[in-house]
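Asker: Structure for this input, please:
(one chain, ligands or ions: 2)
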Amino acid sequence: MIEEKISARAKNIKPSSTLAVNKKAAELIAAGERVINLSVGEPDFDTPEFIKQSAINALNQGFTKYTDSSGIKPLRQAICEKFKRDNNLVYQPDQIVVSCGAKHSLFNIMLAICDEGDEVIIPAPYWVSYPEMVKLAGGKCVVCRYNEDFKIDIEHLKSIITKKTKALILNSPSNPTGIVYTRQELQQIAEIVCQHKIIVISDEVYEKLIYDGQKHVSIASLGDDIKKLTVVVNGLSKTYSMTGWRIGYLAAELSLAKSIANIQSQTTSNPTSFVQKAALEAILADQSFVEKMVEEFERRRNYILENISPLITYCRPAGAFYLLLKIGDMPSTQLAQRLLEEEKLATVPGDDFGADGFVRISFATDMENIKETIKRLNRFAERMKK
Ligand code: PMP
Ligand code: GLU
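Answerer: Ligands and ions are numbered 1, 2, ... in the order given. I've put the predicted structure just below:
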């Protein structure tokens with residue numbers, strides 16, 4: 001009876017497959033199955049002690065009340081310093097909105113820019129939540145094809161821009177491929193975007209997880225025109241192993257930042273008070289502990305690349321902690337199902353990432369699991385050959 005009361009909008013939304021597979025894998029493991037969980041993307045390190053301590057101190061000092069809904073001013077100032085320090089971007093605190101995770105920042109953006117039927121271009125392979133957020137906000141997803149490097153097919157991008165195009169989502173380093181756009185590639189994209197005056201939603205949550213001595217470039221840093229059109233999204237989940245804390249932020253032109261702030265003030269109020277204090281400490285601290293985590297991820301990635309069977313097709317990750325791979329020729333869901341049943345590997349099917357035939361594994365797990373995973377994947381690939 002109540003089912004028919006549910007909105008078409010809500011019925012149209014799929015649950016997050018990354019979180020769903022993670023839940024299923026955890027249940028199997030709890031039931032005693034020897035499953036390796038390669039599904040959810042979150043660092044396997046603990047949150048650094050000094051960050052935890054600053055949240056504890058804030059609690060003990062009674063910092064437990066509502067705050068400025070866009071986040072406390074010192075945190076927004078620290079985020080401005082971070083943008084200057086890491087990305088050579090100058091923002092004022094009023095241009096920053098702190099939210100309950102980058103996911104929340106992204107959804108706030110969609111609500112602030114999408115009128116019914118507005119188009120948002122999402123380059124495949126994409127993170128599972130982008131299309132659903134656009135749909136929830138009343139927008140229409142337009143998927144851009146990828147080229148042989150798993151990057152935006154520029155000609156296709158040009159051909160799908162219409163009068164209704166509001167925004168393009170850019171995610172470098174990318175989930176689920178780990179590709180990283182070069183400055184030149186970003187320049188090419190920026191030119192197209194500026195010509196058509198489209199907003200760029202630049203999701204930079206994996207900015208620090210980048211390998212081979214490369215440097216992350218924010219598209220917003222390429223000039224004043226593109227900066228005005230870009231909303232930069234970032235968060236603390238990946239850089240500081242703080243996935244469960246739920247804290248992220250964005251920077252945008254003042255008018256858009258204000259609209260987003262209004263939306264947040266009427267929905268979630270502020271991000272959790274004492275988490276903001278911890279975020280402030282994390283952002284302003286000496287960042288060398290981040291480098292240690294990145295070195296470990298690079299070591300794991302290198303092990304995978306050196307040991308994975310040539311029978312497996314994959315996208316070489318230059319950043320993030322995912323490997324998008326394909327074995328044989330079958331739909332993603334079948335491949336994921338078979339890997340789970342035959343090799344006890346929990347992976348996320350690629351179809352929800354716009355990459356059918358592929359599955360995604362996360363290498364944010366320890367070396368022992370990684371070695372075992374590669375052994376099982378290679379064994380499966382050998383069997384598929386026969
Ligand atoms: N963007 C991408 C590409 C992601 O993979 C994730 C998942 N963590 C997020 C945004 C959201 O991160 P969070 O909400 O934990 O800050
Ligand atoms: N972004 C991570 C992933 O893709 C975390 C889970 C989620 O929010 O989707 O696995």
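Asker: Where does the stretch 51-200 of the chain get nearest to ligand 1, which residue?
Answerer: Ranking the residues of the stretch 51-200 of the chain by distance to ligand 1 (CB to the nearest ligand atom) places Gly101 first, at 2.8 Å. The way it works is simple: take the backbone N, C-alpha and C, and place the C-beta from them, glycine included.
Asker: correct me, but that residue touches Leu250?
Answerer: No - proximity of Gly101 to Leu250 does not meet the contact threshold set by CB atoms under 8 Å, at 11.2 Å.
Asker: Same drill for these two, tell me which one is more crowded.
Answerer: For Gly101 and Leu250, the more surrounded residue by other CB atoms under 10 Å is Leu250, and the numbers stand at 27 against 21.
Asker: partner residues bridging the more buried one?
Answerer: Val97, Val233 (DSSP bridges).
Asker: Would you confirm that it contacts Ala220?
Answerer: No - under the criterion of CB under 8 Å, Leu250 is not in contact with Ala220, lying 11.1 Å apart.
Asker: what's the overlap in contacts for these two?
Answerer: Between them, Leu250 and Ala220 have Val232 as joint contacts when contacts are counted by CB atoms under 8 Å, 6 or more residues apart in numbering.
Asker: Now do the helices in the stretch 1-150 of the chain.
Answerer: Remark: helices assigned in the stretch 1-150 of the chain by DSSP state H, counting those that start in this stretch are 8-11, 17-30, 49-60, 73-87, 102-113, 129-136.
Asker: try the stretch 151-300 of the chain
Answerer: Listed in chain order, the helices of the stretch 151-300 of the chain (DSSP H, counting those that start in this stretch) span residues 154-160, 183-196, 224-229, 254-267, 273-284, 288-307.
Asker: Just send those helices back as CSV, with mean neighbour count too.
Answerer: CSV is the format used below for the helices of the stretch 151-300 of the chain (neighbours: other CB atoms under 10 Å):
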stretch, mean neighbour count
helix 154-160, 14
helix 183-196, 16
helix 224-229, 17
helix 254-267, 17
helix 273-284, 22
helix 288-307, 15
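Asker: how about the residues of the chain near ligand 1?
Answerer: Taking CB under 6 Å from any ligand atom, the part of the chain that reaches ligand 1 is made up of 41, 101-103, 127, 171, 175, 203, 205, 235, 237, 243, 248.
Asker: Of those, just say which sits nearest to Tyr181.
Answerer: Comparing these against Tyr181 with CB to CB picks out Asn171 as the nearest, at 9.3 Å.
Asker: Can you name the residues that contact the closest one?
Answerer: If a contact means CB under 8 Å, 6+ apart, then Asn171 has Pro123, Tyr126, Trp127, Ser202, Asp203, Tyr206 as its contacts.
Asker: hang on, isn't Lys238 packed against Val205?
Answerer: Yes - with the criterion set as CB under 8 Å, Lys238 and Val205 qualify as a contacting pair; they are 5.3 Å apart.
Asker: closest to ligand 2 out of the helices of the stretch 151-300 of the chain?
Answerer: Within those, the stretch nearest ligand 2 is helix 288-307; the backing value is 14.5 Å (CB to the nearest ligand atom).
Asker: mean confidence score for the closest one?
Answerer: Helix 288-307 carries an average pLDDT of 96.
Asker: how big is the angle separating that helix from helix 49-60?
Answerer: Taking axes from the mean of the first three to the mean of the last three CA atoms, to 10 degrees, one finds that helix 288-307 is oriented at 130 degrees with respect to helix 49-60.
Asker: Does Gln187 touch Leu222 like I think?
Answerer: Yes - distance between Gln187 and Leu222: 5.9 Å, which falls inside the contact criterion (CB under 8 Å).
Asker: Got phi/psi on Gly138?
Answerer: phi 90, psi 0 (degrees, to the nearest 10).
Asker: show me the contacts for the spatially closest residue to Gln92 that is not a sequence neighbour.
Answerer: Once flanking residues are discounted, Gln92 sits nearest to Cys80: 6.8 Å by CB to CB, 6 or more residues apart in numbering. Cys80 sits next to Val90, Tyr91, Gln92, Pro93, Ile96 when contact means CB under 8 Å, 6+ apart.
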